[in-house]
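Novice: Got a sequence here, can you model it:
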Amino acid sequence: MNATYLPYFTLGAYFDTGRLKYLYFMIVLLLYVCIIGANVLLIVVICVNRALHEPMYLFLVSLFVNELYGSSGLFPLLLVHILSESHAVPAPLCFLQIFVIYTYANIQFSNLAIMSYDRYVAICTPLQYNSYMTTSRVAKLMAFIWLYPFVEVGVLISLSAPLQLCGNLIPKVYCDNYYIVRLACSDTTVNNIYGIVYMFTVIVFIIGLILYSYMRILKVCFSGCKQTRQKAISTCVPHLISLINFSSGAFFEVMQSRFNMSGLSLVTRIFLSLYFLTCQPVLNPVLYGLQMSKLRVLCKHFLLHRT
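Specialist: As a prediction, the model looks like this:
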């Protein structure tokens with residue numbers, strides 16, 4: 001097949017579900033509404049209560065805003081395609097979805113890494129916490145969390161968009177840069193090199209910071225008193241669960257994209273590819289809202305006051 005620029009891509013993981021598509025549509029729509037409602041509630045509660053204007057809660061706001069952002073890149077198009085007979089996506093819209101989903105994942109990892117660092121400073125050097133986590137430093141960290149992924153993914157998209165392609169079928173329910181590069185007939189050496197650099201920065205800097213922070217926290221827990229251990233556990237458990245959940249989902253997505261998973265059913269492969277995009281925005285508001293007592297009390301007060 002001759003290489004050419006294609007005006008649209010076809011998402012090939014959708015299958016005919018008959019009348020069940022309306023049930024799937026309602027389930028996905030309900031999930032999307034719950035994600036919006038839960039995340040917006042926690043953002044509003046933290047923003048309107050000055051008692052929560054601390055670095056830990058500001059990073060949580062960033063986390064919840066990112067989950068709204070990432071969900072907006074997936075759910076509207078997913079809902080349309082569940083009901084549609086055609087699963088073609090215009091190329092500009094496809095690259096926009098890739099940009100949103102990739103930046104969402106990168107921001108999520110960066111945010112969780114900075115939250116790990118924040119917990120490390122609070123637990124390991126509590127007396128110096130306020131001098132370390134100043135307003136200006138928190139602002140710089142927040143800017144890094146959001147701006148760096150936008151630049152990094154922007155370069156990734158700018159390398160993929162001009163490629164000449166020999167096909168337009170993406171075997172997923174959303175657009176994915178990896179499969180677009182695989183469709184290319186033109187030289188993809190630069191794309192592959194940048195992809196390796198992209199993954200390297202995530203593994204070395206982001207995951208490295210997380211591991212370093214928790215190694216230091218564990219050291220304090222084992223050498224400290226019972227009260228120190230209890231404080232560390234109470235503040236770190238929600239973050240650790242969130243981190244493990246998101247990392248596992250992202251790992252499954254990378255594995256099933258890069259390796260032959262034909263032994264798994266199509267439904268299982270779709271579930272694995274959607275897990276890190278759907279479960280995390282649902283889990284985090286529940287996890288932090290229930291586990292953090294101050295946030296839980298203020299949420300309850302906010303809802304009762306409004307009703």
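Novice: and residue 106, what helix or strand is that in?
Specialist: helix 91-124 (DSSP states H and E).
Novice: go on, residue 9?
Specialist: Per DSSP H and E: strand 8-11 holds residue 9.
Novice: Skipping adjacent residues, who's closest to residue 249 in space?
Specialist: Ranked by C-beta to C-beta, 6 or more residues apart in numbering and with sequence neighbours excluded, the top spatial neighbour of residue 249 is residue 276, at 2.9 Å. C-beta coordinates here come from the backbone N, C-alpha and C atoms, glycine included.
Novice: List the buried residues in the helix or strand encompassing the one you found.
Specialist: Assignment of secondary structure by DSSP H and E places residue 276 within helix 266-291. For helix 266-291, burial by neighbour count (16 or more other C-beta atoms under 10 Å) applies to 269-270, 272-285, 287-289, 291.
Novice: re earlier: could you give the mean pLDDT of the helix holding residue 106?
Specialist: Averaged across helix 91-124, the pLDDT comes to 90.
Novice: How far away from the center of its chain is the next helix or strand after that helix?
Specialist: Helices and strands here follow DSSP H and E; after helix 91-124, the next one along the chain is helix 129-132. Computed by C-alpha atoms, centre = their mean, to the nearest Å, the chain-centroid distance of helix 129-132 equals 28 Å.
Novice: and the next element down the chain from helix 129-132?
Specialist: Next element after helix 129-132 (DSSP H and E): helix 135-160.
Novice: got the angle for that following helix vs helix 91-124?
Specialist: 150 degrees (axes from the mean of the first three to the mean of the last three C-alpha atoms, to 10 degrees).
Novice: pLDDT averaged over helix 135-160 - what is it?
Specialist: 92.
Novice: Report the buried residues of it.
Specialist: 138, 141-142, 145-146, 148-149, 152-153, 156-157, 159-160.
Novice: picking up where we left off before, what packs against the strand holding residue 9?
Specialist: Judged by 3 or more C-beta pairs under 8 Å, 6 or more residues apart in numbering; DSSP states H and E, strand 8-11 is in contact with strand 88-90, helix 91-124, strand 169-170.
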